[in-house]
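1. no sequence on this one, just coordinates:
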């Protein structure tokens, strides 16, 4: 059975991506494929965390504003 491969075609405006992937690979001690997979798996968690923080900030701002009136 042959291993599947995924190839990334990097445009000029994103020409820093191969270097970033290489740096994260070394930092996490993972292969490049595993590094990209980890980043993709972590992305939904990051978005959910960002949304939660924005909601908390919105609530605290609302409380500050209601106390000022």
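-> Perfect, I can see it now. All of these numbers come straight from a predicted model, not from anything done at the bench.
2. so the residue most central in space within the chain is in which element?
-> Centre of the chain computed as the mean C-alpha position; nearest residue by C-alpha atoms, centre = their mean is residue 43, 4.3 Å away. Element membership for residue 43 (DSSP states H and E) is helix 32-68.
3. if we can go back for a sec, check the gap between the residue nearest to the centre of the chain and residue 62 for me.
-> The span separating residue 43 from residue 62 equals 29 Å under the rule C-beta to C-beta, to the nearest Å. Any C-beta I mention is one placed from the backbone N, CA and C, and that applies to glycine too.
4. Can you get me a residue count around residue 41?
-> Using other C-beta atoms under 10 Å, residue 41 has 9 other residues around it.
5. again but with residue 35, I slipped
-> A count of nearby residues for residue 35, using other C-beta under 10 Å, gives 20.
6. list the contacts for it?
-> The contact partners of residue 35, by C-beta atoms under 8 Å, 6 or more residues apart in numbering, come to 21, 24, 25, 28.
7. per-residue confidence at residue 1?
-> The per-residue pLDDT reported for residue 1 equals 63.
8. All further residue positions should be reported with the first residue as 9.
-> Renumbered: residue one is now 9, and that last one reads residue 9.
9. thinking again about what came up before, now the contacts of residue 43 in a markdown table, with secondary structure?
-> As requested, these are exported to a markdown table (DSSP: H, G, I helix; E, B strand; the rest coil):
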| residue | secondary structure |
| --- | --- |
| 29 | helix |
| 32 | helix |
| 33 | helix |
| 36 | helix |
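10. ok, and what's touching stretch 51-59?
-> Contacts of stretch 51-59 with the rest of the structure, by C-beta under 8 Å, 6+ apart, involve no residue at all.
11. so how far is the helix or strand bottoming out on mean pLDDT in the chain off the chain centroid?
-> Evaluated with mean pLDDT, DSSP states H and E, the helix-and-strand set of the chain has its lowest mean pLDDT in helix 40-76, which scores a mean of 87. The chain centre lies 11 Å from the centre of helix 40-76; the measure is C-alpha atoms, centre = their mean, to the nearest Å.
12. Having no further points to raise, I will conclude here.
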